[in-house]
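**Student:** Predicted coordinates and the sequence they were generated for:
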Amino acid sequence: MNVKISEITKELELVGEDGFFKVKDKYGTDEREGVKKLIFKYENRYEKLKDERARVKSLQAYELSYPDYRYICGIDEVGRGPLAGPVIACAVILPKDCEILYINDSKQLSEKKREVLYDEIMEKAISVGIGSASHACIDEINILQATYEAMRGAINKLGLVPELLLNDAVTIPEVVIPQVPIIKGDAKSISIAAASIVAKVTRDRLMVEYDTVFPGYGFASNKGYGSADHIKALKELGPSPIHRASFIKNFI
């Protein structure tokens, strides 16, 4: 008597990836189309999972290329371009063997996926530091110097001193720790990708809070970037207390 397809489905879910091939062999001679499609579905799922693990492994290449360093820190920032709000930097130290599936440059991920990965990064990281530079600081010393200030702050907020910094494209002044700037590092290094996600989620949450304090500019949706609606509101309402004066000269 043939086993019901619903029962085979339950069995596949129960055994998971490790037991899949045993179940596949068990029902390999079943000629029912429903069973064939079910086996193909799970086989495809685990093949994609294998590919994803290989992709994540490739993101660990920079970290693994420095075997003598235990604490390697990825650094990235978010918020250079907005008209309002701070620039936020993040420093993340992950275990050398850390696997975080679907991690990527934060710009390549949906908001929902970033939130899920944020929780996983915070759970698995050895240490995470967040630094920021306010709109006033940006106006005073310019966005590049403010970004460096935020990055130094993130390093200082770590619970330990990293032995090596992997930075997204920049070399941070006034830092004595060895640094490796990596062009498009948030797409090449798992540590930098993790930092980009944590920085993005942190800043986005902050801008949502600012939207309740300074309504009318759409900060919850535009996160301070110069969308058409934001610029229109800026012209109608004038600047809020968190707008960057050096960024909005052409709009007021």
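**Tutor:** Cool, the structure landed.

**Student:** and the closest residue in space to residue 237 that isn't next to it in sequence, helix, strand or coil?
**Tutor:** Closest residue in space to residue 237, ignoring its immediate chain neighbours: residue 216 at 5.4 Å, by C-beta to C-beta, 6 or more residues apart in numbering. C-betas here are computed from N, CA, C, even on glycine. Under the three-state scheme (DSSP: H, G, I helix; E, B strand; the rest coil), residue 216 adopts coil.

**Student:** Hmm, residue 233 and residue 216 touching each other?
**Tutor:** Yes. Using C-beta atoms under 8 Å, residue 216 is in contact with residue 233, at 5.4 Å.

**Student:** quick one: which of the two has more around it?
**Tutor:** residue 233 (18 against 12; other C-beta atoms under 10 Å).

**Student:** Doesn't the more buried one belong to a helix?
**Tutor:** Yes. Counting by three-state DSSP, residue 233 is located in a helix.

**Student:** Against residue 87, how distant is it?
**Tutor:** Distance, residue 233 to residue 87, by C-beta to C-beta, to the nearest Å: 22 Å.

**Student:** For the longest helix that the chain contains, name the packing helices and strands.
**Tutor:** Counting by DSSP state H, the longest helix found in the chain is helix 33-59. The helices and strands touching helix 33-59, judged by 3 or more C-beta pairs under 8 Å, 6 or more residues apart in numbering; DSSP states H and E, are helix 5-15, helix 20-26, helix 190-213.

**Student:** let's go with 6 Å and repeat that
**Tutor:** helix 20-26 (3 or more C-beta pairs under 6 Å, 6 or more residues apart in numbering; DSSP states H and E).

**Student:** Buried ones in the helix it packs on, by neighbour count?
**Tutor:** Residues of helix 20-26 classed as buried by neighbour count (16 or more other C-beta atoms under 10 Å): 20, 23.

**Student:** Sounds good, over and out.
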